[in-house]
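Novice: Got a predicted structure plus its sequence, pasted below:
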Amino acid sequence: MRTGVKNVLVDISEKTILKEFSSQAKISSARRLQRRVKRDGKDELLPSLSVLVKFQGQFLPRAISYHFYIGVYRHPNLPFSKNIFNSLHCFLSQFPSLILIGDFNAHHSLWGSPRSNSAGSALCDLVETLDLCCLNPDSTPTFFPHPSRSPSTIDLTFSSSDLHGSDHSPISLFVRKKIKFVNLFSNKFRLSRRQWISVAALLEDRARAISEDSSAASLSISPDEGYQVFVKGIMSCIKDFIPTNNKNKHHIANSKGRSPRSPPPALWWTPECDEAIRDRSTFLKNFKNAPTPENYALYQASVRTTRKFLRSVKRKRWKEFCEKLDALTPTADLWKMLKRFKDRRLASGGSVSSGGNHESDQILQATIHQICPSSCSPPIPASSDNVNNALLWLDQPFSLNEIEAALSAVKVSSSPSLDRVEYRLLKLLPTNLLSCLLFIFNIFYSSSYFLFQWFHSIIHFVPKPHGKGF
């Protein structure tokens, strides 16, 4: 079923329409209509304000809703201009309901300012014309100037009248806005120490059945099939402890404005930094309790001192970290550093993704070509017979002692391959299961066979600033 939606701004793309519009029926597609305009004797097709929406099912919804959050900033040093507010009025009048938020740098008694200026009067006229309501609490300043000047409210929030007000008792509301996060894929299982102990017990109980099934499949079908049966068997011991939904969800900011999954503290942060922040908060509290010029001067001095101190500590600790980097630096340390970046999970406009622009795709393909070129250097010349005879021991099957020695030297923090069999899981295998895995590996080695998963790797590209490669 199809219907038309009018008064949809031209700047809103069809992709945004599918994401932001909501209705009782699921929207399957949206296509903006075009209007014919005659210019200089020629007909041109321009985007119109109407959108053709297609729904799934046989019934049309009663209504389609969409919300607009508009942010405004007016620089305090710019002279007042009536044209700016007229343009803002023309823009806002297109929306049936809206929430207007911003730093207007405008003063008026409507939102609790002790004085009014031209910008405040123009904003007040705009609010009354559009039938907007001010949501700022009474007597709550948002800017604290010198004590010779009164605190003022310049950060304002307005909403349409149909979104504010009721004949019921007032209640406190805050907007819980979903924040788009980047999906961080991981092949590793995040289990607790007690869960890993339970996995080891299950492996011990099912070891005989897994070994028999894997060995039979390797001999009767193929070693590849035997390995798949082996992986499926040991994974059955761990699947009960894996969360049913392991995907990254959209996180909702809490009342303090932080995500439930906050990034770890910065590497450069020290206890002295916490002390500096506490001192600054103390000076601010003293100024609020007693707004004297002396307290204001102390507060401003603490702000400057704290800012200077944090910058110096950050610069010093970053320099110390970079000086420690060399060719022997473990990659785990680098990844740990990257994971400590603030808001690293937030999707940014400059991030490279599968749906990025053409230039980003070209940079990504060039980087992949450097890492995995389409052709390799000529093969190494064959060695002499004497050398081959001296290395015959390399063709011998691997022993149980060798695989145990190899597992004892691995790092459990290493990332697993595509089959998700990580080293920590292999180190929990009982002797009979480890012998079964060794049997399958020796078949691979003697027949020069390599699994599909061993030909592929997962590479995480870290984009450089300003789109200058990876």
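Specialist: Thanks, I have it.
Novice: Could you use CA atoms for every contact and neighbour count after this?
Specialist: Will do.
Novice: pull the longest helix from the chain.
Specialist: As assigned by DSSP state H, the longest helix anywhere in the chain is helix 293-323.
Novice: how about it: buried residues?
Specialist: 295-296, 298-300, 302-303, 306, 310, 313-314 (16 or more other CA atoms under 10 Å).
Novice: same question, stretch 109-128
Specialist: Neighbour-count burial for stretch 109-128, with 16+ other CA under 10 Å as criterion, is recorded at 111-113, 119-124, 126-127.
Novice: Kindly report the same for stretch 204-217.
Specialist: So stretch 204-217, judged by 16+ other CA under 10 Å, has buried residues 204, 207, 210-211, 214-215, 217.
Novice: so which of these comes closest to D240?
Specialist: Distance to D240 across those (CA to CA) is lowest for E204, with 15.7 Å.
Novice: Just the pLDDT for that closest one.
Specialist: pLDDT, E204: 89.
Novice: what's the nearest residue to it if we skip its chain neighbours?
Specialist: P430 (6.2 Å; CA to CA, 6 or more residues apart in numbering).
Novice: got the contact list for the one you found?
Specialist: Taking CA atoms under 8 Å, 6 or more residues apart in numbering, we find P430 in contact with 203-204, 207.
Novice: re earlier: could you say what helices and strands the longest helix of the chain packs with?
Specialist: helix 271-289 (3 or more CA pairs under 8 Å, 6 or more residues apart in numbering; DSSP states H and E).
Novice: Count the neighbours of S152 for me.
Specialist: 22 (other CA atoms under 10 Å).
Novice: Any regions of the stretch 101-250 of the chain where pLDDT drops low?
Specialist: 137-140, 144-151, 162-186, 243-250 (pLDDT under 70).
Novice: Show the residue spans covered by the strands in it.
Specialist: 132-134, 155-160, 178-179 (DSSP state E, counting those that start in this stretch).
Novice: Read off the pLDDT value for L438.
Specialist: So L438 comes in at 87 (pLDDT).
Novice: Check which helix or strand it maps to.
Specialist: Per DSSP states H and E, L438 falls inside helix 431-446.
Novice: Counting neighbours, which bits of that helix end up buried?
Specialist: 433-444.
Novice: would you turn the residues you listed into a markdown table with distance to Q94?
Specialist: Shown next, in a markdown table, are the buried residues of helix 431-446 (distance: CA to CA, whole Å):
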| residue | distance to Q94 |
| --- | --- |
| L433 | 69 |
| L434 | 69 |
| S435 | 72 |
| C436 | 70 |
| L437 | 68 |
| L438 | 70 |
| F439 | 72 |
| I440 | 69 |
| F441 | 68 |
| N442 | 72 |
| I443 | 71 |
| F444 | 68 |
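Novice: picking up where we left off before, next, give phi and psi for the residue nearest to E204.
Specialist: Main-chain dihedrals, P430, degrees, to the nearest 10: phi -70, psi 170.
Novice: Surely V37 is within a strand?
Specialist: Yes - residue state for V37 (DSSP: H, G, I helix; E, B strand; the rest coil) corresponds to a strand.
Novice: from memory it sits against P47, does it?
Specialist: No - the pair V37 and P47 does not pass the contact test of CA atoms under 8 Å, sitting 10.2 Å apart.
Novice: Looking at those two, which is more packed in?
Specialist: P47 (14 against 11).
Novice: Am I right that that one is in a strand?
Specialist: Yes - counting by three-state DSSP, P47 falls inside a strand.
Novice: just to revisit the earlier point, I'd like the contacts of P430 laid out as a markdown table, including distance to D274.
Specialist: Putting those into a markdown table (distance: CA to CA, whole Å) gives the following:
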| residue | distance to D274 |
| --- | --- |
| L203 | 47 |
| E204 | 49 |
| A207 | 52 |
